[in-house]
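A.B. asks: below: sequence and its predicted model.
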Amino acid sequence: MAGISFEGRVAIVTGAGAGLGRSHALGLAERGAKVVVNDLGVSTAGEAAAPAAEAVVEEIRAAGGEAMAHGADVSDAAQVADMMAQAMNAWGRVDIVVNNAGILRDKTFAKMDLSDFRKVIEVHLMGATTVTHAAWPILRDQKYGRVVMTSSASGIYGNFGQSNYGAAKMGVVGLMNVLALEGARDNIRVNTLAPTAATRMTEDLLPPEALEVLEPEAITPGLLYLVSEDAPTRTILGAGAGVFAQTRIYETPGVLLQGEDNTPEAVAAAFERIHDAQGQRELPDAFAQTRKFARRAAEAKGLS
Ligand code: NAD
């Protein structure tokens, strides 16, 4: 297989001053991309801390690569527009957008303030939306774009105490599903990374023996594939400790209950068959489900 190169490509990596974003930015630069290292320089809770992007830019330059720092808050459209303009002024294109910036404000739902819920949605879901929205016209004009959302097992599978984060992280999966469809005709591919790694975000959450094998650098090869020329689209790639796995959403064939048979009791009685995984399929879009259901009902009524 030919080597993956990003020569001539321009990448924006958000939250790249630390952790996974830093590793992704270094990986992209090492293979030739010019990289905008974005970071607001905040604490894990999203509070003011120290600027972080410049040090990563220095690392990239020291290794012979090209990079610029930008301190935009990903959820601020004006700051993001400035970042996009600076990338275009310097390098004339943007090919790759890695939405990685993130914070945590964990609490059980019972104790969660709505302001903490909103803030986490604002950074993860609105941040990914704002940065991708600013890049979208550029990617469409170029007829080339590779976009990655960063999700989490906390959203895909659930994690106690992370209702805000889980909702945001599943939100970006919905965003990917639609953007993959809308971007396809302009050669824009949109994927999702669901990482698990030892960073400051997880250092207090995971046992030391797990942290030891979960280095961020083990995830970056997966990210680099998802933003490469031959990337897939609409993939959720789980990654951690060098293991890569795909998460998929399936729908079971289902059970048809019509007329007098369509009662809550009948749904309860049929639940085991509704739930039965045999013959389950991934659907290409929302109307595939509508067509499947309508066709089945129409056939049963002798209408088709
Ligand atoms: P990290 O805290 O090391 O890095 C996150 C970076 O994002 C920080 O440098 C921070 O300053 C920056 N940031 C925060 N808010 C920002 C904003 N509004 N604008 C710009 N930059 C901002 O965390 P990490 O573990 O490297 O996480 C990276 C991404 O991976 C996050 O989206 C996180 O939710 C996700 N993730 C991480 C894990 C894990 O195990 N570490 C698991 C699942 C998902």
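C.D. replies: Thanks, I have it. Quantities reported herein were computed from a predicted structural model and do not represent experimental measurements.
A.B. asks: now stretch 223-243: buried residues?
C.D. replies: Under the neighbour-count criterion of 16 or more other CB atoms under 10 Å, stretch 223-243 has 223-228, 231, 233-240 buried. For the C-beta atoms, the positions are set from N, CA and C on the backbone; glycine is no exception.
A.B. asks: ugh, wrong one, stretch 52-69
C.D. replies: Buried, per 16+ other CB under 10 Å, within stretch 52-69: 52-54, 56-57, 59-60, 65, 67-69.
A.B. asks: could you confirm whether that stretch reaches the ligand?
C.D. replies: Yes - interface with the ligand: stretch 52-69 contributes residue 52 (CB under 6 Å from any ligand atom).
A.B. asks: in the buried residues of stretch 52-69, find the pair that's most separated.
C.D. replies: Greatest spatial distance among the buried residues of stretch 52-69 (CB to CB): 52 and 65, at 17.6 Å.
A.B. asks: circling back to that earlier point, need the max-distance pair from the buried residues of stretch 223-243.
C.D. replies: Going by CB to CB, the pair spanning the buried residues of stretch 223-243 furthest: 233 and 240, at 22.3 Å.
A.B. asks: pLDDT value on the closest residue to residue 77 other than its chain neighbours, please?
C.D. replies: Using CB to CB, 6 or more residues apart in numbering and skipping the chain neighbours, the partner closest in space to residue 77 is residue 130 (5.4 Å). Residue 130 carries a pLDDT value of 99.
A.B. asks: list the residues that contact residue 169.
C.D. replies: 124, 150-152, 154-156 (CB atoms under 8 Å, 6 or more residues apart in numbering).
A.B. asks: may I ask which of these has the most neighbours?
C.D. replies: Counting neighbours by other CB atoms under 10 Å, residue 124 comes out on top of the contacts of residue 169 with 30 neighbours.
A.B. asks: isn't that one up against residue 173?
C.D. replies: No - if you go by CB atoms under 8 Å, residue 124 and residue 173 don't touch, sitting 11.4 Å apart.
A.B. asks: quick check, residue 147 in a helix?
C.D. replies: No - applying DSSP: H, G, I helix; E, B strand; the rest coil, one finds residue 147 to be strand, outside a helix.
A.B. asks: residues touching residue 251, list them.
C.D. replies: 280-283, 289.
A.B. asks: then residue 146?
C.D. replies: Residues near residue 146 by CB under 8 Å, 6+ apart: 95-97, 188-189, 191, 226-228, 231.
A.B. asks: repeat that with 6 Å
C.D. replies: Going by CB atoms under 6 Å, 6 or more residues apart in numbering, residue 146 touches 96, 189, 227, 231.
A.B. asks: the closest residue to it other than its chain neighbours and residue 98, how far apart?
C.D. replies: Distance criterion CB to CB, 6+ apart; nearest residue to residue 146, sequence neighbours excluded, is residue 227 at 4.0 Å. Applying CB to CB, to the nearest Å, the value for residue 227 to residue 98 is 7 Å.
A.B. asks: common neighbours of those two, please.
C.D. replies: residue 148.
A.B. asks: could you list the residues of this protein in contact with the ligand?
C.D. replies: When proximity is defined as CB under 6 Å from any ligand atom, the chain approaches the ligand at 14-15, 17-21, 38-42, 44, 46, 52, 73-75, 100-103, 123, 127, 150, 152, 195-197, 199-202.
A.B. asks: next one: stretch 143-156 to chain centre, how far?
C.D. replies: 2 Å (CA atoms, centre = their mean, to the nearest Å).
A.B. asks: about what we covered before: turn the contacts of residue 251 into TSV, columns for secondary structure, pLDDT and neighbour count.
C.D. replies: Output for the contacts of residue 251, formatted as TSV (DSSP: H, G, I helix; E, B strand; the rest coil; pLDDT from 0 to 100; neighbours: other CB atoms under 10 Å):
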residue	secondary structure	pLDDT	neighbour count
280	coil	98	14
281	strand	97	12
282	coil	97	10
283	coil	97	14
289	helix	97	13
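A.B. asks: and which of the residues you listed is nearest to the ligand?
C.D. replies: Comparing the contacts of residue 251 against the ligand with CB to the nearest ligand atom places residue 282 closest, at 22.9 Å.
A.B. asks: sorry, back to before: so which of the contacts of residue 169 are in helices?
C.D. replies: Among the contacts of residue 169, the members found in helices (DSSP state H) are 154-156.
A.B. asks: surely residue 12 is in a helix?
C.D. replies: No - assessed with three-state DSSP, residue 12 is strand; it does not lie in a helix.
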